[in-house]
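Trainee: below is the sequence, then the predicted model.
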Amino acid sequence: TMEMIFLHDFVHGDLHPGNILVSRDEKGKLRMNLLDCGLVVEMGEREHKNLVSILGAFIKKDGALAGRLMVDTAKECQATEEDVELFCLGMARICIEDEDNNFLEKVGDYLAEICFLACRHKVKLEASFINAALACEIMEGIASSLYPDMLVQHIALPMVFKAELMHGIKGFSFPKLM
């Protein structure tokens, strides 16, 4: 799923445990297979670049930048400048207060707070961000059940880096891994 989101510009539109088949490959290694791919959300280049930029900002613990990117990339915005500033401060606070965790490890917790702040400050979130964040949360939950010691950020960071390079996004640096 991470590879689909970060490198191939699409998200499974109906991802839930019933649409995930766990099997073993020829070497006995567990493998997750996505089923029922009839509902797939394909992102355009602009949406994909926006998504990679926003998730990249969160992964790098720059919540203020992630908030600003969410506002700037939204198709419409009803927020006042004060609301935008408060939304961005809220995004920064999320990253500061949860500094020991990684966005991709706790995306569900982040997403609930992001949605709350977006409603409170009238910031319209792009559907592609919500879909991708939910897909990451579902896959992270299943992967952590199968591989309790796996750290998602070790798998996702190289993909995010490659996606940022693909889109010419400058300023990528690997955050310190736990």
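Mentor: That came through, no problem. Residues are numbered from 1 along each chain as shown.
Trainee: what's around Glu81, how many residues?
Mentor: For Glu81, the neighbour count with other CB atoms under 10 Å is 7. The C-beta positions use only the backbone N, C-alpha and C, and glycine is treated the same way.
Trainee: report pLDDT for His48.
Mentor: Predicted confidence (pLDDT) at His48: the value is 80.
Trainee: and it, how far is that from Ser144?
Mentor: 26 Å (CB to CB, to the nearest Å).
Trainee: please apply the same query to Leu55.
Mentor: 19 Å.
Trainee: in terms of neighbours, single out the busier of these two.
Mentor: Leu55 (25 against 14).
Trainee: that one is in what secondary structure piece?
Mentor: Applying DSSP states H and E as the criterion places Leu55 in helix 45-59.
Trainee: tell me the mean pLDDT over the next helix or strand after that helix?
Mentor: With elements assigned by DSSP H and E, the helix or strand that comes after helix 45-59 is helix 63-73. When pLDDT is averaged over helix 63-73, the result is 93.
Trainee: okay, the angle between helix 63-73 and helix 45-59?
Mentor: 160 degrees (axes from the mean of the first three to the mean of the last three CA atoms, to 10 degrees).
Trainee: got the buried residues for helix 63-73?
Mentor: 63-71, 73 (16 or more other CB atoms under 10 Å).
Trainee: hang on, Glu113 packs against Ile94?
Mentor: Yes: counting by CB atoms under 8 Å, Glu113 touches Ile94, with 5.5 Å between them.
Trainee: who's more crowded, the two?
Mentor: Set Glu113 next to Ile94 and count neighbours by other CB under 10 Å: Ile94 wins out with 22 against 15.
Trainee: which SSE is the more buried one in?
Mentor: Going by DSSP H and E, Ile94 is in helix 81-97.
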